[in-house]
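Peer 1: Okay, here's the prediction I keep looking at, along with the sequence it came from:
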Amino acid sequence: MIRVWSHRPQFLHLGFFVAAYVLGCGFAQSLAIVPGTGISIWPPGGLLMATLVLASRRSWPWWVLGGLLAELFSNFLWFHSPLPAAVLIYAGNALEAAAGAWLVIRICGRPVRLETLQEVLAFVVLGAGIAPVISASVGSATLAWFGIQSQSFITAWPLWWIGDATGVLIVAPLTLVVLQNWHGKAQLSAAQWMEASVLGLIFLGVAALSLSGYLPFAYIIMPPLLWAAVRFDFKGAAVSLTLLAVITAVFTISGASQFAGDPESRKHNQVMLQLFLAVSAFSALIVAAISRQHQLAVLTLRQSVEALRDRERELSQLVNMVPVQIRRLTPEGEPTFFNKRLIDFFGLDVGDLDKPGMSRLAAVIQGLVHPDDAIRLLETARHSFATGDPFSMKYRMRRADGAYRWVDGRGEPLRDQHGAIAQWYVISIEIDDEMRAQEALRDRERELSQLVDMVPSLLWRLSPEGEPTFFNQRLINFLGLDMADADKPGMSRLAAIIEAAVHPDDAASLREALNHSFVTGERFSKTYRLRRADGVYRWVEGSAEPLLDESGRILQWYGLSHDIDDQLRVEEALRRSERQLQQLIDTVPVQIWCVTPGGEPAYINKTMMDYIGLKLEDFDAQQGLAGAIQTIVHPDDRIPLERALTHSFSTGEAFELKFRNRRWDGSYRWTEGRADPLRDESGRIIRWYGANVDIHDLVTSQEALRERERSLWELVETLPVMIDCAAPDGEPLYRSRQLREFLGYELEELDGTGKSRLAGTLDAGVHPDDVAGVKERYAYSLSTGEPYARKHRLRRFDGEYRWVDTRAAAMRNAEGAIVQWNIVCLDIDGEVRAQGELRLAQESLARASQAASLAELSASIAHEVNQPLAAVVANSHACQRWLTAEPPNLERAQKTVERIIRDANAAADVVSRIRALFKQSVEPRHAMALDSVIADARDLTAEEAARRRVRMDVDVESNLPPVALDRVQIQQVLVNLIRNGMEAMDTITTDRVLRIRARRRGNAVETEISDLGRGVESPDKIFEPFFTTKAHGMGMGLAICRSIVESHGGRLWAETNQPHGATFVFTLPDEVGAE
Amino acid sequence: MSKRRPVVAIVDDDPRLLESLEDLLESAGYAAHSFSSAGSLLISGLSGVDLLITDIGMPGMDGFELRDWVKKVRPELPVFLITGRHEIADQDRARGISGFFRKPFDAEVLLAAVDNALSNRNMEDDHES
């Protein structure tokens, strides 16, 4: 009860409802024109149904109760039906309203506005059609049961049903409109008000005219009714229907209506009235619903358009706002739209670049895309337009300021339902910064890559598992292979690389070290040999560090191998060198020692140990250096040695001393010790390094040499020869005692005179007549290096000029350069004087020979002269004959005379040439020994023989008998023959030997002079005068010899020697033979 | 008598003398053939030669040897020897030989001797003929 109470509607509403219900009952009573039939139209049914439709279901009992009260009140006023019948009838009515409301709500859903055709139809069919079946059945049955107005069920039911249906059709919409728009504002415009007014007038007029019967046809009201329904839809329809019902009721009640009439036709008219109202209501509601629906549709459309417009504006804004350049193209690819960003970018719109004869696409691309990209872009785009495939490409577009900017362009087709391309949308996003960033990144990467490749180290990277993932270029170049080149199936890449590139001896340990690092994550470091591309294994120092992420997990191993081969080799070489040096120091035959700056022994080499028979430790045990000196130095040398060492140690000067050192065998030997300090950069002495050399043998040999030199010196000084030594330029360096004594001054006295020593000596000593020649010869020898030999006069200390023979020869070193001139000077004054006498003898001999051979010569001359003379005589005769001939032959005579003159001149020449030869020599002949004559001749020719390098071999038999002879003439013969023999040997290269033999042969002494020369061709002719085989000879020598010999009663002839050479033999009869 | 000019061969190593002798002989109406050595005469041969005048002192074959050789080949051929060396002329082998002249010789005597020698020969020839 409380629950029902809580859903109670406001009493005011309930009051209005009851009042309206009562009013409706009154209205129905007023239209009940047919007696006995009760009512024709039942408005309260429509009212209750509409109320229930609008009210909540829980408030329904209240409204049903209100209706019951109103109906019972109306029954009391007008119907006067028995109360049970009235209650039953009301129950039918309430049931009808509840069923209709429930069905309509069920079909249409709340709120029921009756604005759609579906709702109106549902309302008409369910509310106005089916629900009244209930009330009609209940009402008709009640009427029939109670026999009210004597109605049967069958006759009452149609009227009841149609009356209820009409009431629902007319009142329910009106109620709905009124209740739902109770608070709704009147939203009619002035025009609508005007229309409504006009329509109202028309409607009222037509209704009045038609219903009043003035117009014969009630349905003429339909057009205004429908007009109202169309223009003012449901409200208009409801109001109009209400008005129509009221007007109809008024006219029907007044009887003016065509539905009025006589009582017979009343029933029919009532049915007609009900039908009229039902049809009108039905039509108006349908039309109103349709109109409403149409209006709603129009409204919705308008709203949709509005919404679309908003949406479009929004989208357009979006299109312009998004930072993307957008263009739209036709399916053929012609641009039709640029978005604002694109226009801003280009600084021009889609049509600005149009060119005649060129597609817009080409024009746009050519005008706005970087020339390097334009062709590619155009091709790509055209390809896509042709195939319909989307495209994507990066290219450069020219911005309004002329700068090209990288963009990422993408095009996609928009297709319609049939799949045909409707549009192309192309967007581009500026990616210039990205491109530049990428480029910068690439540059950076390239730079890094270059860096990695340029670093003069071999760089590599391994995965956490140890698989190589990167080798730098240097490593690739070094190995001659990249990571993958050594790959082998069934073997990890690392293992393959190690096998291929690491020295077999190092491979195992390297693998182990790497594995250790991989497992523990510790730094890897190892020295191993790596095979270079040329097959040479190089030592490298490899190291690697792991790169860890935040959690300490190994991401990569970064490794570096450094070529340390050279370094290792250098170290190796150094070690070797050190070893060699040590060996060297130990094996050099020099004792090497080293002491601290304070003089404490620090090192002695093996040679020294062996030499002194002691070790370094032995010194230490014996008070260091002092002890060492005590032990190994000769007692006489200890103090000087200590002094010299102390001096060196205190001053830093080099140490050098010769002293006697005790050898292991106890013998003291001369030793030369030297030591120099080794200083650090600041000049402080770090060590003294010393060397002892055994110079004992040297010292002794030097002593021997000195002894020998002294003896040589004495030899030179005491030799009976003057000896001089000069520098290569001739300056005297040394003079022997003999020379100094001869000259009477010392060499040094020449210095300081402004002249060289040589010039001083020559000017002071050499005879003024000789000095020029001597200087010239000296200069020649000094400049050419040829030996010097000259005789000249030299002033002795006492002022006497004496002849000396000076000879000098150059002493050369191994290279042939002159190091010294050695000069000997012999006093040959006596010899020169003797030679002068000899020369005088020679000259006399020559004169004698010329005289002696006069006779022979005359004969020869006679021949020489007779020869041209004979020609002259013969010619003279001939000439005479030519002249005396008949006729005289003058021509030939002339020629002959010329010859005469010529021949006569020739004869005169001969005479003048020979004249000079003649000299008278008259010597008396004495008997004398031939050997002395031969000795004289040999002495005379000795010099020449020496000059010609001829050895003279003289063999004179002893006890030769004396021979009577002209000494000079025979000397001449001998000299002549000796000289001939020597000259004959000039051209031979073998030994030049001239043999002179004298022996007794019967009563004569036979003398032979034989040579080894080229021999004699015609032994007879050579003795003829003017016969010569020599280039410069008169051809007289042998002739004269023969004449001399023959004048002495001897003979001279020539013999040929075997194998070569000639022998000239002459005989001289002894005194006995001569007599 | 034959109209042919007698041919005199001259041998001397002195060209001046050869020239002068040739001139002299030609002035006397002889045909003179000069030879500078005995060898060249031997090569040329003796045919046609009516008289030989030769020097004694010559290189190679000397005048004596040439004369001896000619005497063997043509004993009847007159040979005159001339020499400038008077000591040869004084030697034994030269003494008593006819047709021996010392240079300088008397041309008239030589020509006379030549003429004489040739006429003797002609007479002998005449006898023979």
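Peer 2: It's in. Everything numeric here is computed off the predicted structure, so don't read it as measured data.
Peer 1: Could I get the full set of strands for chain B?
Peer 2: In chain B, strands defined by DSSP state E lie at B:7-11, B:31-35, B:51-55, B:79-83, B:100-102, listed in chain order.
Peer 1: which one is residue 29 nearest to, not counting chain neighbours?
Peer 2: Picked chain A for this. When the adjacent residues along the chain are set aside, residue A:29 lies closest to residue A:78, with 4.3 Å between them (CB to CB, 6 or more residues apart in numbering or on different chains). Backbone N, C-alpha and C define where each C-beta goes, glycine included.
Peer 1: That was the other one, I meant chain B.
Peer 2: Beyond its immediate neighbours in the sequence, the residue positioned closest to residue B:29 (CB to CB, 6+ apart) is residue B:5, lying 6.3 Å away.
Peer 1: And residue A:601, by the same measure?
Peer 2: Across the structure, with CB to CB, 6+ apart as the measure, the residue nearest residue A:601 apart from its sequence neighbours is residue A:619 (4.7 Å).
Peer 1: you'd agree the one you found is in a strand?
Peer 2: No: secondary structure of residue A:619, determined by DSSP: H, G, I helix; E, B strand; the rest coil: helix, with no strand assignment.
Peer 1: residues touching it, list them.
Peer 2: When contacts are counted by CB atoms under 8 Å, 6 or more residues apart in numbering or on different chains, residue A:619 touches A:601, A:604, A:625, A:627-628, A:631.
Peer 1: Which members of the residues you listed are the farthest-apart pair?
Peer 2: Pairwise distances across the contacts of residue A:619 (CB to CB) peak at 13.5 Å, for the pair A:604 and A:627.
Peer 1: Show the pLDDT at the residue minimising distance to the centre of chain B.
Peer 2: Central residue of chain B (CA atoms, centre = their mean): residue B:53, 1.6 Å from the mean position. Residue B:53 carries a pLDDT value of 91.
Peer 1: For the closest residue to it other than its chain neighbours, the count of nearby residues, please.
Peer 2: Counting by CB to CB, 6+ apart, residue B:53 lies nearest to residue B:80, which is 4.5 Å off, once chain neighbours are set aside. The burial count assigned to residue B:80 is 22, neighbours taken as other CB atoms under 10 Å in any protein chain shown.
Peer 1: can you check the one 4 residues further on too?
Peer 2: Close neighbours of residue B:84, defined as other CB under 10 Å, add up to 25.
Peer 1: Do I have it right that it meets residue B:103?
Peer 2: Yes: under the contact definition of CB atoms under 8 Å, residue B:84 touches residue B:103, with a separation of 4.2 Å.
Peer 1: Quickly list what's touching both of the two.
Peer 2: Contacts common to residue B:84 and residue B:103, judged by CB under 8 Å, 6+ apart, are A:866-867, A:870.
Peer 1: tally of neighbours for whichever residue of the stretch 551-700 of chain A sits closest to chain B?
Peer 2: At 78.9 Å from chain B, residue A:698 is the closest residue in the stretch 551-700 of chain A, using CB to the nearest CB. Burial of residue A:698 is recorded as 13 neighbouring residues (other CB under 10 Å).
Peer 1: returning to what we had before: among the shared contacts of residue B:84 and residue B:103, which are in helices?
Peer 2: When DSSP state H is applied, these are split such that A:866-867, A:870 fall in helices.
Peer 1: Residues of chain A that sit close to chain B?
Peer 2: Chain A comes close to chain B at residues A:859, A:862-864, A:866-879, A:881-882, A:885, A:889, A:892, A:895-896, A:899, A:902-903, A:906, A:1024, as judged by CB under 8 Å from any CB of the partner chain.
Peer 1: PyMOL command for the buried members of those residues?
Peer 2: Buried residues within those, by 16 or more other CB atoms under 10 Å in any protein chain shown, are selected in PyMOL with:
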select buried, chain A and resi 859+862+863+864+866+867+868+869+870+871+872+873+874+875+876+877+878+879+881+882+889+892+895+896+899+902+903+906+1024
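Peer 1: Which residue ranges of chain B form helices?
Peer 2: Shown for chain B, the helices assigned by DSSP H span residues B:15-27, B:38-44, B:63-73, B:86-90, B:107-128.
Peer 1: What residues are bridge-paired with the closest residue to residue A:658 other than its chain neighbours?
Peer 2: Nearest in space to residue A:658, with sequence neighbours left out and distances taken as CB to CB, 6+ apart, is residue A:672 at 5.0 Å. Residue A:672 has these beta-bridge partners by DSSP bridges: residue A:658, residue A:693.
Peer 1: can you list the weak-confidence ranges in the stretch 701-850 of chain A?
Peer 2: Filtered on pLDDT under 70, the stretch 701-850 of chain A yields the residue ranges A:846-850.
Peer 1: ok, now with 50
Peer 2: Applying pLDDT under 50 to the stretch 701-850 of chain A flags no residue at all.
Peer 1: now do chain A
Peer 2: Checking chain A against pLDDT under 50 turns up A:1, A:37, A:916-922, A:1031-1034, A:1074-1075.
Peer 1: Check the secondary structure at residue A:789 for me.
Peer 2: Per three-state DSSP, the secondary structure class of residue A:789 is strand.
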